[in-house]
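J.: Please work out how this folds:
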Amino acid sequence: MEQRRQTKKDVLNMRSFFAEGDLICGVIYRAPPEGRATIHLSEKLPQKLEYGTAVRVPCTLIKDLAEHVRHFDFDIDCILGRNGWVWIAPGPALLVGGRPIPESFARVARTRALIEALHGRSCKISPEAVSALYRAALPYPLDQLATEPVRRAIFDDAGPPGANSVRLFAADMLSTMT
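T.: Residues are numbered from 1 along each chain as shown. Now for the predicted structure:
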């Protein structure tokens with residue numbers, strides 16, 4: 001795509017794309033002290049965020065990645081924001097006519113619960129950790145994912161030592177908690 005300089009007409013047309021209160025994803029290009037920010041919306045990033053949920057975690061728990069927008073093999077899209085916000089939404093396979101199918105809400109809620117479990121144990125939140133925990137959590141009902149015995153079992157089942165960092169971090173955290 002050819003880049004061009006933004007015109008005054010482009011600025012006025014932004015209101016036709018976005019409404020006040022919309023949740024968007026972009027890169028802050030410039031933030032002068034008077035409070036107005038210039039945001040770059042990339043074609044690679046989803047720009048208007050819909051049909052998902054946001055989770056706030058300490059930014060130090062977000063693993064530094066080359067690419068913070070991820071599509072998981074369980075049809076969930078995730079944005080691991082460097083500011084500590086994590087956006088979780090159904091992937092394209094869970095949308096029909098641009099709207100999420102009922103199954104997508106359970107997958108989004110399951111992913112959110114697992115990110116909260118990582119946060120609760122002060123583990124780095126990375127695509128690998130989320131994927132490993134998601135697979136380990138599949139045998140458990142969604143409403144039990146917030147209980148400590150189930151979380152402990154999920155962390156134990158997340159994979160063999162060395163396959164991912166989840167199990168090692170969880171073992172370290174559990175030994176300091178007990």
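
J.: ok, and the closest non-adjacent residue to Pro90?
T.: Ser104 (3.5 Å; C-beta to C-beta, 6 or more residues apart in numbering). C-betas here are computed from N, CA, C, even on glycine.

J.: how far does stretch 58-77 sit from the chain's center?
T.: The chain centre lies 6 Å from the centre of stretch 58-77; the measure is C-alpha atoms, centre = their mean, to the nearest Å.

J.: Flag every buried residue along that stretch.
T.: Residues of stretch 58-77 classed as buried: Leu61, Ile62, His68, Val69, Phe72, Phe74, Ile76, Asp77 (neighbour count, 16 or more other C-beta atoms under 10 Å).

J.: Strands of this structure, start to end?
T.: If DSSP state E is used as the criterion, the strands of the chain fall at 27-30, 38-40, 53-56, 69-71, 76-80, 85-90, 95-96, 99-100.

J.: quick one: Lys9 from Ser16, how far?
T.: 11 Å (C-beta to C-beta, to the nearest Å).

J.: cool, Ala106 as well?
T.: With C-beta to C-beta as the criterion, Ala106 and Ser16 are 34 Å apart.

J.: Ser122 too?
T.: 44 Å.

J.: One more: Glu128?
T.: On the measure of C-beta to C-beta, Glu128 and Ser16 end up 40 Å apart.

J.: Between these two, tell me which one has more neighbours.
T.: Neighbour count, other C-beta atoms under 10 Å: between Glu128 and Ser16, Glu128 has more, with 15 against 7.

J.: Give the residue spans of this structure that score low on pLDDT.
T.: 1-8, 10-12, 14-15, 17, 22, 24-29, 39-48, 159-178 (pLDDT under 70).

J.: No further questions, thank you.
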